[in-house]
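> got a predicted structure plus its sequence, pasted below:
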Amino acid sequence: MPSEERSRIEDLKRSLYSRTAPDVRTRRKLRFSDQVSGMKTHWDEKEEPEEDAVPASDRERRSMSFFTKLLIGSLIFCVLAVGAGAYIFFYGANLISANNIDVAISGPVSVPGGSPVTLTITVTNRNSVPLKTADLAVSFPAGATDPNDTTKPLTTYRELLGDLAPGASVSETVQAVLFGEENLEKEITATVTYNINGSSSIFTKEQSYGVLINSSPVILSVSSFDEVTSGEPFDMTVDVKSNSENILKNIILQATYPFGYVFGSSSVKPTSSGNAAWTLGDIPPGADRKIVIHGTLTGENSDLRAFHFTVGAGSQDSPDAISMSYMDAEKDVTIKKPFISLSISVDNDSSTADHVGQFGKPATVVINWTNNVPEALSNVEIDAHLSGSAYDKTSVSSPGGYFRSATDDIIWNQQTEPDLASVAAGGSGSATFVVTPSDNGTTENPAVNPVITIAGSATADRTAESNVPESTAQVARTIRISSSISLSGHVTRSGGAFTNTGPIPPKAEQKTTYTIVWTVDNSSNAVSNASVTATLPPYVSWLGQSSPPAENVTYDGNSGTVTWDIGNINANTAGTTGRREVQFQVSLLPSVDQIGQVPILVNRALLSATDNWTGAALSSTQDYLTTSFSTDSSFRYGNETVINGQ
């Protein structure tokens, strides 16, 4: 590189990095002079002729931007809005508006339930045009009734107001009797419907008004135990008291029972088939009606059950239906185990089913008791009440208890058993007595389906809890007494239904015929499936004859069995025409080795049957019958012994 050019570069470098160096640009500017360059600044283009060419200034005037259009549209809208507002402001008084119709309701803000309420409804037309055919409709809530007849529900009141000129007002007074629960607000709605000239449309204006029921027309209260024993009868008292200044007409009480409740009875007869509605009639001011309901509730321990009651005005269509409810009430009851549980065993039979006993056979009865609550019980008393057609008070034996024969009660308490003065939690014990079933029937009034009923109960003092029943669930056990059936038999020769032949006394190797008589008697209960069976010895033959023909007697030659299929036997047949008897004929062919003996004609007979009352299997036997026909008038001593036939 030439030294001159290198020197210039070095100078430029020093100038760039020097703080005191003169302005480079100034120096550079001074180094040049103005010259006119002949270099072209654009490409040469061939110009084509344009037809009707529009100058650029004209194109700019004809093209309008989007923002310009938006600005012009906004200005037009603003002008129109201002014009419409001015028109409405200066000329809009002739337009109709619901806001220019006033519906004012005046009246009490609260009333007692069952008392009349008076409302004044004022309708004012503040429009500049008249309202045509204005109509007022007042809608009342549920529980409103006609003040002239409180048994009739009042739902709507209508009144034609007619035409209302501009600025005109009209007032209407309406009355109703409001029923409902205390502190319940009832809403009354007034609706004005109208139309205007030149329009077929119907316009409305609505206004609501609230009235508080500050007291119920009736006071409904339910009282009972907070806890009851499963299956134990208890009472529930329902009290309906008038709280109205007027007579409450046609009052109905309805109940909704919980699951497991069984209605027993009530102090006022129910009017419904479900025993859950009562007609209380008209109740004057301040008067009350009470109903005591008796029943039982069953369920698991600690189950909570709710009883619901409703009182109101009765329906004209149904005698036990409520058309208008006045008040509801509920009572919660908890099911608890009995604080003393009881059980009864008879002759070591501790089941709850009926026990089967027999006339004349003593029955040992044990009442077992247990304290179920986690606290001591005091003054415990156990009672057993005896009754029934087979009960005989002279047969009772009660060691350790006091038998009060006048009331047929056996009592165990701290006077007879000192341990009953206080029973610890979980403590248990038993009380025992003996009773013998007796046939107390007579000829004129025979015993039918006899029983002895044992009803056990217990009482004790509980000081730890209140509003719980003090008596336990009563436990009961029944002893059903089975019927007594008997089978008897004898042999006859001359007094039976058949003619008998052959030698008497019977001779060896010669045939002699006899008539066998079976008789069945039954006592207190009807029986079924009765039959008698017996076998014949091999030397005795069945002759195929029986009497009466209605009795079903059959013989099996293979086994030698005679069967009398009796079937049903009525109760108390002994000594009457209802007793069952049958006769059949057999033939004896004694052998020589039976000479000097009294042969058996029929082996031991068995009577079996089923007691329809107790379900017990009954039986009776008849010992074997021999050739000794001693009940026959023709019998002589020795006629029963086999002799030599030669």
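It's in.

> show me where pLDDT drops low in the stretch 1-150 of the chain?
1-8, 11-64, 83-95 (pLDDT under 70).

> need the contact list for S634.
S634 makes contact with R493, S494 under the criterion Cβ atoms under 8 Å, 6 or more residues apart in numbering. Glycine gets a C-beta too; all of them are placed from N, C-alpha and C.

> quick one: secondary structure of it?
Counting by DSSP: H, G, I helix; E, B strand; the rest coil, the backbone at S634 sits in coil.

> which non-adjacent residue is nearest K393?
Sequence neighbours aside, S405 is the residue nearest to K393 in space, at 5.2 Å (criterion: Cβ to Cβ, 6 or more residues apart in numbering).

> wait, the one you found sits on S395?
No: with contact defined as Cβ atoms under 8 Å, S405 does not reach S395; the gap is 11.4 Å.

> following the helix or strand hosting L487, which helix or strand comes up?
Element membership of L487 [criterion: DSSP states H and E] is strand 485-492. Next along the chain after strand 485-492, taking DSSP H and E as the criterion, comes strand 512-522.

> what lines up beside that next one in the sheet?
strand 485-492 (antiparallel), strand 580-588 (antiparallel) (DSSP bridges).

> give the buried residues for the last one.
When you say that, I think you mean strand 580-588. Residues of strand 580-588 classed as buried by neighbour count (16 or more other Cβ atoms under 10 Å): R580, V582, Q583, F584, Q585, V586, S587, L588.

> tell me what the last one is bridged to.
According to DSSP bridges, T512, V540 are recorded as the beta-bridge partners of L588.

> likewise for the third one?
The partner list for Q583 in beta bridges (DSSP bridges) reads V517, S547.

> that older thread, tell me which of S405 and S395 has more neighbours.
Applying other Cβ atoms under 10 Å to S405 and S395 shows that S395 carries more neighbours, namely 17 against 11.

> quick check: closest non-adjacent residue to I344.
Nearest to I344 is R477, by Cβ to Cβ, 6+ apart, at 4.0 Å.

> which strands and helices sit next to the strand or helix carrying the one you found?
Per DSSP H and E: R477 is located in strand 475-481. On a contact count with 3 or more Cβ pairs under 8 Å, 6 or more residues apart in numbering; DSSP states H and E, strand 475-481 meets strand 340-346, strand 355-357, strand 363-371, strand 451-461.

> kindly recompute the last result at 6 Å.
Applying 3 or more Cβ pairs under 6 Å, 6 or more residues apart in numbering; DSSP states H and E, we find strand 475-481 packed against strand 340-346, strand 355-357, strand 451-461.

> quick one on the thing from earlier: now mean pLDDT too, for the strands paired with strand 512-522, in CSV please.
Shown next, in CSV, are the strands paired with strand 512-522 (pLDDT from 0 to 100):
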stretch, mean pLDDT
strand 485-492, 95
strand 580-588, 96
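
> show me which positions of the longest strand anywhere in the chain end up buried.
What stands out as the longest strand in the chain, according to DSSP state E, is strand 322-336. Neighbour counts over strand 322-336 (16+ other Cβ under 10 Å) mark I322, S323, M324, S325, Y326, M327, A329, K331, V333, T334, I335, K336 as buried.

> quickly list what the third one is bridged to.
When bridges are assigned using DSSP bridges, the partners listed for M324 are A313.

> the strand holding L487: which residues count as buried?
I485, L487, G489, H490, V491, T492.

> surely T204 meets T193?
Yes: between T204 and T193 a contact is recorded at 5.1 Å, counting by Cβ atoms under 6 Å.

> of the two, which one has the most company?
Neighbour count, other Cβ under 10 Å: between T204 and T193, T193 has more, with 16 against 12.

> and the more buried one, how far from S494?
In this view, T193 and S494 are 114 Å apart by Cβ to Cβ, to the nearest Å.

> and T191, by the same measure?
111 Å.

> which one's more surrounded, the two?
T191 (17 against 12).

> next helix or strand past the helix or strand where that one lies?
Assignment of secondary structure by DSSP H and E places T191 within strand 184-195. Heading C-terminal from strand 184-195, the first helix or strand you meet, by DSSP H and E, is strand 203-215.

> what helices and strands are in contact with that following strand?
strand 101-106, strand 110-112, strand 184-195.

> okay, the following helix or strand past that strand in CSV with CA atoms only?
Moving toward the C-terminus from strand 203-215, the first helix or strand encountered (DSSP H and E) is strand 218-223. What follows is strand 218-223, C-alpha atoms only, in CSV (Å, rounded to 0.1, in the frame of the first residue of the first chain):
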residue,chain,number,x,y,z
VAL,A,218,-106.1,-24.1,66.2
ILE,A,219,-103.5,-25.3,68.6
LEU,A,220,-102.6,-29.0,67.9
SER,A,221,-100.6,-30.8,70.5
VAL,A,222,-99.6,-34.5,70.8
SER,A,223,-98.4,-36.0,74.1
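
> tilt between strand 218-223 and strand 322-336?
Here strand 218-223 points in a direction 20 degrees away from that of strand 322-336 (axes from the mean of the first three to the mean of the last three Cα atoms, to 10 degrees).

> how far off centre is strand 218-223?
23 Å (Cα atoms, centre = their mean, to the nearest Å).

> touching that strand from outside, list them.
With contact meaning Cβ atoms under 6 Å, 6 or more residues apart in numbering, strand 218-223 is reached by 237-243, 309, 311, 326-327, 329, 331.

> F259: which of those residues is nearest?
Checking the contacts of strand 218-223 against F259 with Cβ to Cβ, the nearest one is K331 at 15.2 Å.

> ok, that closest one touching H308?
No: using Cβ under 6 Å as the test, K331 is too far from H308 to be in contact (8.3 Å).

> lowest-confidence entry in the buried residues of strand 322-336?
Across the buried residues of strand 322-336, the smallest pLDDT goes to M324, namely 76.
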